[in-house]
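S.K.: 3D model of this:
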Amino acid sequence: MPIEFNPSRGPTLGVEWELQLVDKHTRRLRQDARQVLDAVPELSETPRPKVMHELMQSQLEVITDVCHTVSEAVRDLRTTIDRLRQVVDARGMALACTGTHAISDWRDAVYAPVQRYTELVEEMQWLAWRIQTFGVHVHVGVRERDKVIPIVNALAAYLPHFLALTASSPYWGGQDTGLASSRAIVFGSLPTAGPPQMLANWAEFEEYMDTLKRAGTIKSIKEVWWDIRPHPDFGTIEIRMFDGIPTLREVGMVAALSQCLIQQFDQQLDRGYRLPHPAPWVVRDNKWRATRYGLDAFVITDDHGSTAPMRDMLYELTRELAPVAERLGCPEELATITDVVEQGNSCERQRAILTGGGTLDDIVDATIVELAEDRFVTTNLRTSNGAMGHAGK
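M.R.: I've put the predicted structure just below:
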């Protein structure tokens with residue numbers, strides 16, 4: 001089954017940000033996505049919509065146009081968010097984003113009226129019923145088809161980095177799961193989700209997709225929800241590993257990280273280098289370590305079982321990619337990695353609020369403020385007289 005890949009002209013960017021609709025009074029999720037979309041036809045009813053349904057009516061997916069720089073993508077998202085905020089504020093709602101909602105129960109969810117979601121729920125049953133989760137997907141353009149699979153394989157080594165930086169779902173239905181990312185477990189349970197298959201080349205990718213279709217596992221390659229996957233129609237590699245991200249600063253950070261890594265691998269292939277090809281067991285084990293421990297994980301660094309602290313690896317990665325970021329015009333966005341490592345990812349910030357005497361309701365309030373004011377919150381807003389706590393720049 002030949003799969004046509006539409007090559008990009010360079011490392012273009014596209015970002016998809018899944019947002020929560022939160023009731024300001026109850027702090028629970030509101031199942032009102034249809035009403036919000038109806039109120040913004042200029043964003044939702046165009047040939048290339050900027051806001052769309054997701055699986056649940058408590059979710060909206062905000063989508064950028066094709067962008068060339070991280071700053072352009074951030075401006076695009078901010079413009080859409082500002083318009084959405086006008087609509088949801090008038091309806092007693094607020095916008096937020098974490099991998100899971102701390103207190104809402106997935107059994108209260110209402111599915112979006114979209115045919116492919118109806119088919120997904122019918123096929124997956126309980127696995128789909130509970131996917132009240134939120135994430136961020138970043139597309140980066142690739143210039144040549146034959147570069148795609150080697151770059152996907154190399155990126156698999158960074159699954160724990162992507163997740164550790166963005167882990168934001170320690171709570172599930174009002175309970176602390178003990179994980180940094182419960183979303184990674186909930187979404188990862190789908191049959192075609194999880195780490196990418198380590199394939200040799202594009203021909204093997206085509207053969208594998210054809211096999212899945214013949215077996216009836218998928219109807220189209222859009223039903224392959226790997227943590228990193230080729231997107232042939234867009235001419236991109238899509239990184240789907242990120243948990244829900246509560247601030248625009250952090251969305252810019254992961255867009256910069258994605259663009260820098262893929263651009264570096266692209267250039268290394270041009271120079272004749274062979275890209276890293278981590279062993280599948282290392283990829284799976286490291287994803288679990290980041291799922292459980294987030295930034296505190298010790299990740300495997302080679303096939304012999306050597307390990308290193310995730311925080312140290314992120315410092316090193318930031319330094320390594322700094323020259324690439326300078327060339328791409330996103331050094332400040334990439335440097336936000338250091339702020340997250342030092343001040344805490346969303347998971348750590350949420351738990352700090354509870355440790356400091358706050359409640360799960362206070363955590364929801366903090367995530368609303370983080371998105372609205374684009375800052376980090378690690379203290380209970382009520383007991384700090386509305387102060388932002390330990391905030392980022």
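S.K.: please name the bridge partners of Gln175.
M.R.: Counting by DSSP bridges, Gln175 forms beta bridges with Trp172.
S.K.: next one: it, what pLDDT does it get?
M.R.: Gln175 is assigned a predicted lDDT (pLDDT) of 95.
S.K.: mind checking how far it is from Ala366?
M.R.: Using Cβ to Cβ, to the nearest Å, Gln175 is found at 18 Å from Ala366. From N, CA and C alone the C-beta is placed, and that goes for glycine too.
S.K.: now Gln59
M.R.: Distance from Gln59 to Ala366, by Cβ to Cβ: 20 Å.
S.K.: which one's more surrounded, those two?
M.R.: Ala366 (28 against 23; other Cβ atoms under 10 Å).
S.K.: quick one: residues contacting the more buried one.
M.R.: Arg349, Gln350, Ile353, Gly358, Val377, Asn380, Leu381 (Cβ atoms under 8 Å, 6 or more residues apart in numbering).
S.K.: just checking, the third one is part of a helix?
M.R.: This means Ile353. Yes. Counting by DSSP: H, G, I helix; E, B strand; the rest coil, Ile353 is located in a helix.
S.K.: and for it, the neighbour number?
M.R.: Neighbours of Ile353 under the rule other Cβ under 10 Å: 25.
S.K.: and what of the last one?
M.R.: Applying the criterion other Cβ under 10 Å, we find 18 residues in the vicinity of Leu381.
S.K.: then the fourth one?
M.R.: Applying other Cβ under 10 Å, we find 21 other residues in the vicinity of Gly358.
S.K.: quick one: it from Val377, how far?
M.R.: 10 Å.
S.K.: mind showing which ranges of the stretch 51-200 of the chain have poor pLDDT?
M.R.: Counting by pLDDT under 70, the stretch 51-200 of the chain shows no low-confidence range.
S.K.: can you show me the strands along it?
M.R.: 51-53, 59-63, 93-96, 135-141, 171-172, 175-176, 193-194 (DSSP state E, counting those that start in this stretch).
S.K.: now do the stretch 251-393 of the chain
M.R.: 298-300, 307-309.
S.K.: chain center to stretch 64-80: distance?
M.R.: Relative to its chain's centre, stretch 64-80 lies at 16 Å (Cα atoms, centre = their mean, to the nearest Å).
S.K.: export that stretch to CSV, keeping only CA atoms.
M.R.: Provided in CSV are the C-alpha atoms of stretch 64-80 (Å, rounded to 0.1, in the frame of the first residue of the first chain):
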residue,chain,number,x,y,z
THR,A,64,-2.6,26.7,14.7
ASP,A,65,-2.1,27.4,11.0
VAL,A,66,1.1,26.2,9.4
CYS,A,67,3.8,28.3,11.2
HIS,A,68,7.5,28.7,10.5
THR,A,69,8.7,29.8,14.0
VAL,A,70,7.7,29.0,17.5
SER,A,71,6.8,32.7,18.2
GLU,A,72,4.4,32.6,15.3
ALA,A,73,2.7,29.5,16.6
VAL,A,74,2.5,31.0,20.1
ARG,A,75,0.9,34.2,18.7
ASP,A,76,-1.6,32.1,16.7
LEU,A,77,-2.6,30.2,19.8
ARG,A,78,-2.9,33.3,21.9
THR,A,79,-5.2,35.0,19.4
THR,A,80,-7.6,32.0,19.3
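S.K.: in that stretch, what's buried?
M.R.: Of the residues in stretch 64-80, 64, 66-74, 76-77, 80 count as buried by neighbour count, 16 or more other Cβ atoms under 10 Å.
S.K.: in helices only, show me those.
M.R.: Of these, the ones assigned to helices by DSSP state H are Val70, Ser71, Glu72, Ala73, Val74, Asp76, Leu77, Thr80.
S.K.: how close does the residue nearest to the fifth one when sequence neighbours are not counted get to Gln59?
M.R.: It stands for Val74. Leaving aside its chain neighbours, Val74 sits nearest to Gly252 (4.7 Å; criterion: Cβ to Cβ, 6 or more residues apart in numbering). Using Cβ to Cβ, Gly252 is found at 21 Å from Gln59.
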